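1. how would this look folded up:
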Amino acid sequence: MKPFSLVAITLIALYFSGCSRSFISMSRHSMDEDEKHRLYSAALAASDSPQDTDTFKKVCREIGIVDARGQANDQYMAFMSAHVNWGMTAETEPFRQEINSKEKAQDYLKRHLSAAE
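-> Here you go, the predicted model:
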């Protein structure tokens, strides 16, 4: 194989590996901020001890505020601050009514988590 061909193949492979990572990253970030807050709120409402549930942990991974080990990442504090502000707006009241029981919150998560995957 000629050196030029080897370099070309290497560059193409690097390009496509970068594209796939960007695509995965984009799919997580394609979820808008409102939906991230809705998922987080529903995960909190779905259980008496949400932090102990697999669903809560999955939501936190899906919205990008924890790493694969479940540890808070650099997005965590900014999200929590934004979440407090989001929850205090009058516009969130209809959503709070939509998930005002554990069953309704769990149903919301079933419908929306599978769509996010």
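
2. Now do the buried residues in the helix or strand encompassing residue 85.
-> Using DSSP states H and E, residue 85 maps to helix 76-87. For helix 76-87, a neighbour-count test (16 or more other C-beta atoms under 10 Å) marks 79, 83, 86 as buried. All C-beta spots, glycine's among them, are computed from the backbone N, C-alpha and C.

3. which residue sits closest to the second one, ignoring its sequence neighbours?
-> Residue nearest to residue 83 in three dimensions, not counting chain neighbours: residue 37, with 5.6 Å by C-beta to C-beta, 6 or more residues apart in numbering.

4. what comes into contact with whichever strand or helix holds that neighbour?
-> Using DSSP H and E, residue 37 maps to helix 33-45. Counting contacts by C-beta atoms under 8 Å, 6 or more residues apart in numbering, the residues outside helix 33-45 that touch it are 31, 50, 53, 55-56, 59-60, 62-64, 79, 82-83, 86-87, 92, 95-96, 99-102, 104-106, 108-109, 112-113, 116.

5. In helices, which of the residues you listed appear?
-> Filtering the contacts of helix 33-45 for membership in helices, criterion DSSP state H, returns 55-56, 59-60, 62, 79, 82-83, 86-87, 95-96, 102, 104-106, 108-109, 112-113, 116.

6. Just the buried subset of those, please.
-> So, by 16+ other C-beta under 10 Å, the buried ones in those are 55-56, 59-60, 62, 79, 83, 86, 95, 105-106, 108-109, 112-113, 116.

7. Let me see the contact set for the most centrally placed residue in the chain.
-> Nearest to the mean C-alpha position of the chain, counting by C-alpha atoms, centre = their mean, stands residue 63 at 1.6 Å. By C-beta under 8 Å, 6+ apart, residue 63 lies in contact with 31, 36, 39-40, 79.
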